[in-house]
Structures are given as structure tokens and as C-alpha cells.
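Engineer: Requesting a structural model of the entry that follows:
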Amino acid sequence: MIETILSLFESSRGLYAFVWALVSFLIYALVSNLAALPDIAARLGALETSRGLVPKTAQGVVFELARFGFYIGLPFIALFLGWMDIRVMGLGMPNWAEGLQWAIILLLAAWLILMVIWLPYLRATADVAVAPNSTRSFPRRLVELIYMQFHWAFYRGAAISLLTGILPDAGYWGTAIGLGMVYAEALTNPRIRYQLNQLGQADTVVWSAGQAVINALGFLVTLNFYLLVMIHFLLTLTVPHLRAAPTERSPLASPSIARPQRARE
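Structural biologist: The predicted structure is shown next:
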């Protein structure tokens, strides 16, 4: 009887975590679609901080705080309320010895594959249009990397929490569901859907999608959030995956109709 009650309690906590993840999903879908409206897109264009680390206006600070709350705050709330165990996100005190071995193997395999596939792709498409907002400062890229890692871990951890005690392989199925949620969420964004149809603008989206797969595989073999951050950082640092920045930039009236500039040689 006690075991049954405890099982129901554990399942309810996982349900709360998964519902909270769905709330995050809906917030992203709603905000990204509202941001695609021309009037709102014009206002957000002035708040864009993708080329720098520190916002230069009060509105920019508020914008960044809202993004911090979404990517870091929502997972923290789920952990604080006890809906998720820190271990399902790879936090806490993971097994470093075994995890590091798998992390090195995965890092080398991913690096070789990306060097064989990604670099020839960039060379073959060197003359295509470059997205005007595709370049970011290195500190800004680190911030976005941390945001992505926490966001992916949140969705994955919520799915694992939901399935724990229901399926014997909750870790595997939860990881797959979390990855699917990441992809589905991205496709709700009109800007991302537009970029996927434009060769010069799809690079960052495709790169992030590949990193999400590597992240999911890495979690299954390491169960270590910190090693996943290390793998993502080292791949970002050592694999050239960005095109040269355009020398001119046209005003961004709307993400859904943005027209990229040509890279000058």
C-alpha cells in the first residue's frame, strides 16, 4: 500500500514537471509567432543583442532578463518545487570517471563527422546569401550555448520524470521525447521555418539541430550536464561552422521576410 502511494506521488511529480515543460513549449510558440508580426518585429529588432553580450538600453536589459527567466528560470522552478530530480538533468554529482571516457569518444566522433561533412558543405556553398544576423560575438555565443543546454536538459528531464516508474527504459524514451519536443518547438517559430528554406540562413538552425542530437546521445552515455556543455563548447570552438559576416546589413522589418546580404570577398 505504501509503495503504491509513493509510486503515485512520484508519477504526479513527473506529471507536474512535464506539464511545466509544455507550458514552456506554449510560451515559446506564442511569443515566437507574435514576434513575427511586422509591428512587433520592428520593435524587437531594436532590442537584438545577438552581436554583443551586454544590452545597451533598459529595454534590452528587460528583454535579456525575460530570456534568462525562460531558459534558466523555468527549469529552476521545476527543480526548486521538487518536480524533477537534479539527476535527470545531469546535475548533482555524476560519475565523472566513466562519463569522461564516453564524452571523449563522442567528442572525437562528432568532431570527425562534422569536419568531414560541415566544412565541405560551407566551401561548396560559399557564394550563397549570408544571414545578416548570423554572426555573434564569442561571449554571446557562450551565453546562447548555456541557454540551449539548460533548455534541452529541462525538456529531457521533464519527460524522464514523467516516464520514471511507468516504463523500464524511462531514460531512453524520455531523452527521445525531449529531443522531439525541442524540434517541434523550433518548428513553431515562423522565423526558423523561413530560415530552413534559405540556404544561407539555415546554417545556424541546422548546426543547433545537430548539436541537440549529439547532446541527447551524450546524456545517454554520460548522464553528466557539465560534460555535455564541454562537448558543445569544444565543438563550437574547434569546428568552423559560421560563414563570413556580411559587410552591410539591411534593416530587419520582419523575421519572416528578412532578406540576407551577399558576403563580399
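
Engineer: Which residue comes closest to Thr164 once chain neighbours are left out?
Structural biologist: Nearest non-adjacent residue to Thr164, counting by C-beta to C-beta, 6 or more residues apart in numbering: Ala170, 4.6 Å away. Using the backbone N, CA and C atoms, a C-beta is placed for each residue, glycine as well.

Engineer: now Trp96
Structural biologist: Using C-beta to C-beta, 6+ apart, the nearest residue to Trp96 is Asn224, at 7.0 Å.

Engineer: before we move on, back to that, was I right about the residue nearest to Thr164 contacting Leu163?
Structural biologist: Yes: the pair formed by Ala170 and Leu163 meets the contact definition of C-beta atoms under 8 Å, at 3.9 Å.

Engineer: can you pull the contacts of the residue nearest to Thr164?
Structural biologist: 160, 163-164 (C-beta atoms under 8 Å, 6 or more residues apart in numbering).

Engineer: Going by distance to Ala202, which of those wins?
Structural biologist: Ile160 (30.4 Å; C-beta to C-beta).

Engineer: in the stretch 51-200 of the chain, which spans are helices?
Structural biologist: Taking DSSP state H, counting those that start in this stretch as the test, the helices found in the stretch 51-200 of the chain are 58-68, 74-80, 96-124, 138-163, 170-187, 190-196.

Engineer: Using CSV, lay out the ones you listed together with mean pLDDT and distance to Ile214.
Structural biologist: Below are the helices of the stretch 51-200 of the chain laid out as CSV (pLDDT from 0 to 100; distance: least, C-beta to C-beta, whole Å):
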stretch, mean pLDDT, distance to Ile214
helix 58-68, 84, 23
helix 74-80, 95, 20
helix 96-124, 88, 5
helix 138-163, 92, 11
helix 170-187, 95, 11
helix 190-196, 88, 19
